[in-house]
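Peer 1: heads up, no residue letters with this:
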């Protein structure tokens, strides 16, 4: 327990600006650490393989209904124990061997798992890249349509790990329909913003399935979720779960997800709007303080802003070195050049513009630990009861 306590004390004293993390409310933590954390449930053909599951069965049905309500979907699968597992279940459910997908390339911010050497290689299908304009952070629709004509993929996978701008889904749907292609949307990074109707609110209007992780902008426990309006797609996804991508699900995780969904239903719109607003304010503050941020003057429409690696190198820093300098001053960022606002927004940060100059000073080797501690001392969790 000493390591756990040390970790808790350390992270509680820092300003977390990582794009892939968020914080659970006290009620969600209570659910996650409840007796359900020690119990089993394995639903096969609507029956549970274990006894003592009266309340877990009730819980699962209720959380699925709540997820449908929050996202405006007809069907929800909440048992997936990670965003990658959710992606695997969707791909296995919708793609057959020797068929193909298209996804955004890693060099353009896409998820590495969709590259040819990973999930496609494991499951026996081909992966091709969606033409993408990095400067505008947009899919090149004209080039995309031409490539579609050559490949005619079974599935188009949207979503990115470096994700600052929503897609023109209406045009992508138009192109997909020409080739009878399905559209899957990996919303792992933006699930909370989608739930709060502040990023890609039209996702289930134009996409066949939405899936992702539940612990980034969505402030739930680590895990995954799949949503769709198509019963046949959901049936296929569920057939790809048990004995294929997982077996027993984690009951306490579903319980904590249910708490977070209740919180998102009540506070999601306000929370998501503040996340996007804080991202823009922090990006502008960093930029004006000398930290090279991409895509000025709009910077981002999501929870993350992106640093310019070449300009940072000219200053003698890699992303890793930048991250270490900030962490030495109590500010946590990833080692990929992404700066996030989701967790500090959940923690009720005010005047986030104060943080940019502190980051710049730390980047130059300055000592701003006291100033950071003062900001951290003002924080307390919001958007919950």
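Peer 2: Perfect, thanks for sending it. Treat the numbers as computed from the prediction; the structure is a model and nothing was measured.
Peer 1: okay, now residue 368: neighbour count?
Peer 2: 21 (other Cβ atoms under 10 Å). Quick note: C-beta positions are derived from backbone N, CA and C, even for glycine.
Peer 1: Once you drop chain neighbours, what's closest to it?
Peer 2: Computed as Cβ to Cβ, 6 or more residues apart in numbering, the closest residue to residue 368 that is not its neighbour in sequence is residue 358, at 4.5 Å.
Peer 1: which helices and strands sit right next to the host helix or strand of the one you found?
Peer 2: Assigned by DSSP states H and E, residue 358 belongs to helix 355-363. Applying 3 or more Cβ pairs under 8 Å, 6 or more residues apart in numbering; DSSP states H and E, one finds that helix 355-363 makes contact with helix 251-288, helix 319-327, strand 331-332, helix 369-377.
Peer 1: Report the angle between that helix and helix 319-327.
Peer 2: Counting by axes from the mean of the first three to the mean of the last three Cα atoms, to 10 degrees, helix 355-363 lies at 110 degrees to helix 319-327.
Peer 1: related to what we said a few turns ago, closest one to residue 345 among the helices and strands packed on helix 355-363?
Peer 2: Set against residue 345 and scored by Cβ to Cβ, those come closest in helix 251-288, at 4.6 Å.
Peer 1: from the middle of its chain, how far away would the lowest-mean-pLDDT helix or strand in the chain be?
Peer 2: Ranking every helix and strand in the chain by mean pLDDT, DSSP states H and E puts strand 43-44 at the bottom, with a mean of 82. Centre-to-centre, strand 43-44 and its host chain are 28 Å apart (Cα atoms, centre = their mean, to the nearest Å).
Peer 1: follow-up on the earlier one: mind checking the helices and strands packed on helix 355-363 for the one nearest to residue 117?
Peer 2: helix 319-327 (23.0 Å).
Peer 1: Quick one: the strands in the stretch 151-300 of the chain, in order.
Peer 2: 155-158, 182-186, 209-213, 224-228 (DSSP state E, counting those that start in this stretch).
Peer 1: follow-up on the earlier one: closest one to residue 181 among the helices and strands packed on helix 355-363?
Peer 2: helix 251-288 (29.4 Å).
Peer 1: Output the contacting helices and strands for that closest one.
Peer 2: Using 3+ Cβ pairs under 8 Å, 6+ apart, helix 251-288 sits against helix 26-32, helix 54-71, helix 191-195, strand 304-306, strand 338-340, helix 342-346, helix 355-363.
Peer 1: Please compute how far it lies from its chain's middle.
Peer 2: 11 Å.
Peer 1: So which bits of it are buried?
Peer 2: 251-264, 267-268, 271-272, 274-276, 278-287 (16 or more other Cβ atoms under 10 Å).
Peer 1: Who are the contact partners of residue 105?
Peer 2: 115, 129, 130, 132 (Cβ atoms under 8 Å, 6 or more residues apart in numbering).
Peer 1: And residue 318, by the same measure?
Peer 2: 309, 312.
Peer 1: Would you mind measuring from it to residue 337?
Peer 2: Separation of residue 318 from residue 337 (Cβ to Cβ, to the nearest Å): 9 Å.
Peer 1: Which neighbours do the two have in common?
Peer 2: Common contact partners of residue 318 and residue 337 (Cβ under 8 Å, 6+ apart): 309, 312.
Peer 1: mind listing the helices for the stretch 1-150 of the chain?
Peer 2: Assigned by DSSP state H, counting those that start in this stretch, the helices in the stretch 1-150 of the chain fall at 2-12, 26-32, 54-71, 83-94, 119-123, 141-151.
Peer 1: For residue 210, which of those is the nearest?
Peer 2: When the helices of the stretch 1-150 of the chain are compared by Cβ to Cβ, helix 54-71 sits nearest residue 210, at 7.0 Å.
Peer 1: Could you check how far the closest one is from the centre of its chain?
Peer 2: The chain centroid and the centroid of helix 54-71 are separated by 21 Å under Cα atoms, centre = their mean.
Peer 1: Please apply the same query to stretch 105-124.
Peer 2: 17 Å.
Peer 1: This completes my enquiry, with thanks.
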